[in-house]
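[1] Whatever this is, show me its structure:
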Amino acid sequence: MHPLLKTNLFFVKEHLGLFKASSNYDIYDPESKQLLFQCREIDLNIVSKLLRFTGFKRCTPFDIQITTENSERVLKLKKGISLFLSRVSVYDENEKKVGYLKQRLFPLGNNFDVFDVNDTLICSLNGSLFAWDFKFVRNQEAIGTVTKKWAGIGKELFTTADNYILEINSSVAKDDLARLMMVASVLCIDMVIKE
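    This next block holds a predicted model:
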């Protein structure tokens, strides 16, 4: 696991753009304002690009590479075509699959279960049907939160950019796979649930 994933606070900022098909994000340390990671969608084919401008946007596949500013690989998220509920595979810096996120229908809301490669539940991401606040829960204990931070009403009226703060509970061990999966999950909130 990359050392920068061992921090507890991340600011996820979506790139602005009119008529953009691909989704790109930057992840910062909110205290130092230092850029930690660049998240770029790659290999987007022409059919997917066209579908991104329709009501089928959530159904389209994606491949997001997360790297450091120096182009060191950190994570990769990959989703195939999904008609109803999404499943996103997560890979480490060596392109080894470490787990997956599986969208849940019940209870109603914006929910994912987070699994390792052995299908063992790591944690769950729970959000209400309409809210922008999410909790990562393990053994009925909150181990992290995701909150949308509004950048000012004027900016939000003219853009579709979403910015989030991920806060990981300090009780989560620095080498816990849950840290890596929580960072991956924040991008899935925007790509799978909120788009």
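
[2] For the chain, which segments count as strands?
    For the chain, the strands defined by DSSP state E occupy 9-14, 24-28, 35-41, 62-67, 73-79, 87-91, 97-104, 110-116, 121-127, 133-138, 141-148, 163-168.

[3] Can you show me the CA trace of the fifth one as PDB?
    This file holds the C-alpha atoms of strand 73-79, laid out as PDB (Å, rounded to 0.1, in the frame of the first residue of the first chain):
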ATOM      1  CA  ARG A  73       0.800   3.900  -9.700                       C
ATOM      2  CA  VAL A  74      -1.300   3.800  -6.500                       C
ATOM      3  CA  LEU A  75      -4.700   2.300  -7.500                       C
ATOM      4  CA  LYS A  76      -6.800   1.300 -10.400                       C
ATOM      5  CA  LEU A  77     -10.600   1.100 -10.500                       C
ATOM      6  CA  LYS A  78     -12.300  -0.800 -13.200                       C
ATOM      7  CA  LYS A  79     -16.100  -1.300 -13.900                       C
END
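
[4] Now do that strand against strand 87-91: the angle between them, please.
    Counting by axes from the mean of the first three to the mean of the last three CA atoms, to 10 degrees, strand 73-79 lies at 160 degrees to strand 87-91.

[5] From the contact counts, what lies against strand 73-79?
    For strand 73-79, the packing partners by 3 or more CB pairs under 8 Å, 6 or more residues apart in numbering; DSSP states H and E come out as strand 62-67, strand 87-91, helix 177-188. Placement of C-beta: from N, CA and C, glycine included.
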